[in-house]
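J.: Test case, fold it:
(one chain, ligands or ions: 2)
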Amino acid sequence: MSAECPDFQTFMEGVKKRNPGQDEFVQAVHEVSRDIFDWIQDKREYHEAEILRRIAEPDRIVSFRVCWEDDDHNIRVERGWRVQNNNAIGPYKGGLRFHPSVTESVLKFLAFEQTFKNSLTGLPMGGGKGGANFNPKGKSDAEVMRFCQSFMTELYRHIGPDVDVPAGDIGVGSREIGYLFGQYKRITNRWEGVLTGKANEYGGSPMRVEATGYGAVHFLDHMLKRRDEEIEGKRIVISGSGNVALHAAEKAIALGGKVVSLSDSDGVIHVKDGIGAEQLEWIKQLKIEERGRISEVADKYDGVEFHEDGEPWGIDADIAMPCATQNEIGPDEAKTLVDNGVMAVVEGANMPTTNDAVEVLRDAKLLFAPGKAANAGGVAVSGLEMSQNAERVSWQREKLEDMLADLMEDIHGKCVEHGECSDGYIDYAKGANIAGFRKVADAMLAFGVM
Ligand SMILES: NC(=O)C1=CN([C@@H]2O[C@H](COP(=O)(O)OP(=O)(O)OC[C@H]3O[C@@H](n4cnc5c(N)ncnc54)[C@H](O)[C@@H]3O)[C@@H](O)[C@H]2O)C=CC1
Ligand SMILES: O=C(O)CCC(=O)C(=O)O
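T.: Numbers count the residues shown, from 1 in each chain. Ligands and ions are numbered 1, 2, ... in the order given. Down below sits the predicted model:
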């Protein structure tokens with residue numbers, strides 16, 4: 001068992017020592033390395049070249065001041081970052097997060113995870129992530145615009161279509177991408193595919209908005225089908241009510257699933273009979289366009305309960321999809337899910353389940369889809385947006401829908417190939433880690449020592 005293997009222990013002690021106070025980053029490295037140490041035991045070339053050690057040390061981290069003026073003419077100072085983790089298999093690629101909880105540790109964990117996720121898609125993309133501790137909540141459009149322009153005024157030096165291609169993440173949606181892209185274009189006088197998640201009018205790809213949530217449901221569908229089960233009729237608890245959560249809900253409802261919860265940082269709504277397609281349209285308008293609170297759904301509709309500060313994990317369900325943020329499900333929540341007879345946990349968010357909680361789910365033999373596989377549909381369609389921009393073409397939505405479905409099937413297949421245990425249980429997390437690692441590691445071996 002790798003967790004007891006002395007090499008692994010020594011390795012993790014080194015990671016902790018070199019990254020003091022960076023708990024999220026250490027957690028992400030631990031989760032991947034545990035599986036990789038098992039797998040590379042008889043593969044000396046990876047040990048000798050210190051491949052894992054190198055992937056766990058970002059190529060570079062840029063941190064910068066972001067100064068902007070609010071509507072009351074106060075000068076505000078925030079910190080921005082871009083973590084370029086690894087570009088062995090393609091330009092750095094990964095989203096930008098604007099949220100007060102953003103730290104260097106959070107962005108390092110996200111960039112590290114992104115490296116394996118992007119490798120799993122099979123597309124030529126390295127791993128990066130960035131963002132700022134700026135809180136867009138409650139800010140006017142003009143304030144968000146000024147922040148984005150100031151952020152890009154430094155970031156533009158470090159990115160480019162063949163260098164590093166950021167996109168959205170928490171707090172960065174199509175409004176922010178518009179402001180960021182506009183500023184890049186203004187400074188450089190170049191129209192190029194330097195960001196993805198753009199609107200269709202200026203080089204965005206159909207299906208990018210839906211891709212992460214839809215892709216996660218495709219992944220769930222494949223997991224269930226292997227057990228002769230289907231989404232139709234299943235009760236699904238979803239956390240979050242942003243891009244990923246709402247589109248996961250949309251796809252699940254389209255396939256006959258009963259989505260019984262959504263949440264935001266104020267609390268959770270519980271809809272016993274399942275959210276209807278029309279109701280979801282209203283919620284999308286509320287959350288995406290009007291930037292309202294999830295509690296307003298209970299004000300509008302009968303049969304919707306709102307629980308302030310509540311979480312969805314205690315609600316009776318067959319499937320759980322954490323789609324908000326990291327570390328939403330700890331061991332207690334995982335035990336609750338197991339006790340309630342939940343059969344599958346699919347991570348729409350990045351690392352929403354702590355390592356201890358994953359152990360609880362694995363021990364109970366639940367189907368567990370890690371974010372780096374289940375939510376890879378978003379970055380995969382971003383990769384397709386890059387291809388369209390490079391070719392100066394725009395593909396039809398139907399084509400992208402089919403490509404997303406194929407990519408998710410392929411990622412599911414890779415996880416099964418590398419994650420099948422002797423008793424037939426599929427350890428999807430292990431499968432994703434090994435398949436994601438192998439491609440990046442082999443590219444790094446080819447380059448020699450650097
Ligand atoms: N947007 C994308 O294409 C992708 C996003 N992800 C991940 O999915 C997750 C959600 O991202 P998006 O939906 O894009 O962001 P978003 O900004 O559209 O929505 C985030 C949601 O999570 C909730 N949330 C955020 N922080 C919270 C906290 N501390 N406590 C409770 N709720 C909180 C917000 O209220 C909101 O409902 C993140 O982990 C992100 O990294 C992963 C792959 C791609
Ligand atoms: O589309 C992208 O590049 C960003 C996706 C992302 O940030 C993620 O997969 O977590």
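J.: Grab the nearest non-local neighbour of Met343.
T.: Closest residue to Met343 apart from its sequence neighbours, by C-beta to C-beta, 6 or more residues apart in numbering: Asp318 at 5.6 Å. C-beta coordinates here come from the backbone N, C-alpha and C atoms, glycine included.
J.: how deep is the residue of the stretch 201-350 of the chain found nearest ligand 2 tucked in, by neighbour count?
T.: Closest contact between the stretch 201-350 of the chain and ligand 2, by C-beta to the nearest ligand atom, is at Asn350 (5.3 Å). By other C-beta atoms under 10 Å, the residues close to Asn350 number 27.
J.: Next, the contact list for it, please.
T.: Shown in contact with Asn350 (C-beta atoms under 8 Å, 6 or more residues apart in numbering): Phe109, Leu110, Glu113, Gln326, Gly371, Lys372, Asn375.
J.: Now that we have those residues, can you turn them into JSON lines and tack on neighbour count, pLDDT and distance to ligand 1?
T.: Output for the contacts of Asn350, formatted as JSON lines (neighbours: other C-beta atoms under 10 Å; pLDDT from 0 to 100; distance: C-beta to the nearest ligand atom, whole Å):
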{"residue": "Phe109", "neighbour count": "26", "pLDDT": "98", "distance to ligand 1": "10"}
{"residue": "Leu110", "neighbour count": "30", "pLDDT": "99", "distance to ligand 1": "6"}
{"residue": "Glu113", "neighbour count": "27", "pLDDT": "98", "distance to ligand 1": "9"}
{"residue": "Gln326", "neighbour count": "22", "pLDDT": "98", "distance to ligand 1": "6"}
{"residue": "Gly371", "neighbour count": "26", "pLDDT": "98", "distance to ligand 1": "6"}
{"residue": "Lys372", "neighbour count": "31", "pLDDT": "98", "distance to ligand 1": "9"}
{"residue": "Asn375", "neighbour count": "29", "pLDDT": "98", "distance to ligand 1": "4"}
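J.: State which helix of the protein is the longest.
T.: Longest helix in the chain, counting residues (DSSP state H): helix 397-419.
J.: can you pull the pLDDT of the residue nearest to Met343?
T.: Predicted confidence (pLDDT) for Asp318: 98.
J.: which one of the contacts of Asn350 is nearest Asp273?
T.: For the contacts of Asn350, the closest approach to Asp273 (C-beta to C-beta) belongs to Asn375, at 27.5 Å.
J.: helix/strand/coil for the residue of the stretch 201-350 of the chain closest to ligand 2?
T.: In three-state terms, and counting by DSSP: H, G, I helix; E, B strand; the rest coil, Asn350 is coil.
J.: now Ile231
T.: What three-state DSSP gives for Ile231 is coil.
J.: Could you do Leu180 as well?
T.: helix.
J.: in the sheet, who's paired with the residue in the stretch 51-200 of the chain positioned nearest to ligand 2?
T.: Closest approach between the stretch 51-200 of the chain and ligand 2, counting by C-beta to the nearest ligand atom: Gly95, at 2.7 Å. Counting by DSSP bridges, Gly95 is bridged to Ala167.
J.: count of residues packed around it?
T.: The number of residues packed near Gly95 is 27, by other C-beta under 10 Å.
J.: got it, and Gly424?
T.: When neighbours are counted by other C-beta under 10 Å, Gly424 comes out with 7.
J.: Check Pro20 too.
T.: Neighbours of Pro20 (other C-beta under 10 Å): 9.
J.: got the contact list for the strand or helix carrying Thr153?
T.: Per DSSP states H and E, Thr153 falls inside helix 141-155. Applying C-beta under 8 Å, 6+ apart, the external contacts of helix 141-155 come out as 64-71, 78, 80, 82, 98, 130, 132, 134, 136, 139, 166, 175-176, 179-180, 182-184, 187.
J.: Just to be sure, which of those residues are found in strands?
T.: Using DSSP state E, the subset of the contacts of helix 141-155 located in strands is 64-69, 78, 80, 82, 98, 130, 132, 166.
J.: Good, wrapping up.
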